[in-house]
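Trainee: Provided below for reference: sequence and predicted model.
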Amino acid sequence: MKVLIHDERSDGLDFLLESIVSHGLRVSIAKNGPEIINMLSDEQYNVVLTNGGYEELSSDQHTQIKSSSIFIIGITGRQKHEDGMDSKVDLCLQRPFEASRLWQALPPDKTGS
């Protein structure tokens, strides 16, 4: 499985990288929303983990991502989560969370289990 990560917090990025790579998954990192689209255009990904950036995307770009089989996991802080799940993501994780919760959030057919 290949995962694309976008996290504006460096501590969050380190945590996500360590959690995913330790399970033998391939990882790439996007710096912002437009880079997410460029990377998705260039390579196949199964999952996108993001705490933002996708908000910068146009509705056409959102449609492009959602029309694919990519599973999008949004990562939020406490305040954002209380507003409800973002309709642009398939699943929302609220910080803080443990690596085991992240692993459970990945769709079973995407983890090879």
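Mentor: It's in.

Trainee: can you show me the helices along the chain?
Mentor: In the chain, the helices defined using DSSP state H lie at 10-21, 33-42, 59-66, 78-82, 99-105, 108-111.

Trainee: and the most centrally placed residue in the chain, what does it touch?
Mentor: Note on the chain: the residue nearest the mean C-alpha position is L49, at 1.1 Å, using Cα atoms, centre = their mean. Contacts for L49 (Cβ atoms under 8 Å, 6 or more residues apart in numbering) come out as 3-7, 16, 20, 73, 75, 102. Glycine gets a C-beta too; all of them are placed from N, C-alpha and C.

Trainee: in terms of mean pLDDT, which of the helices of the chain ranks lowest?
Mentor: Across these, helix 78-82 has the smallest mean pLDDT, namely a mean of 52.

Trainee: report the contact partners of the residue lying closest to S22 once chain neighbours are set aside.
Mentor: Once flanking residues are discounted, S22 sits nearest to A99: 7.7 Å by Cβ to Cβ, 6 or more residues apart in numbering. Applying Cβ under 8 Å, 6+ apart to A99 gives the contacts 15, 18-19, 22.

Trainee: reformat the residues you listed as JSON lines; add neighbour count and distance to E35.
Mentor: Listed next are the contacts of A99 as JSON lines, based on neighbours: other Cβ atoms under 10 Å; distance: Cβ to Cβ, whole Å:
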{"residue": "F15", "neighbour count": "19", "distance to E35": "20"}
{"residue": "E18", "neighbour count": "10", "distance to E35": "21"}
{"residue": "S19", "neighbour count": "19", "distance to E35": "21"}
{"residue": "S22", "neighbour count": "10", "distance to E35": "24"}
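
Trainee: need those residues in TSV (columns: distance to N38).
Mentor: Below are the contacts of A99 laid out as TSV (distance: Cβ to Cβ, whole Å):
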residue	distance to N38
F15	24
E18	25
S19	25
S22	27
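
Trainee: out of these, which is nearest to L40?
Mentor: Nearest to L40 among these is S19, at 21.3 Å by Cβ to Cβ.
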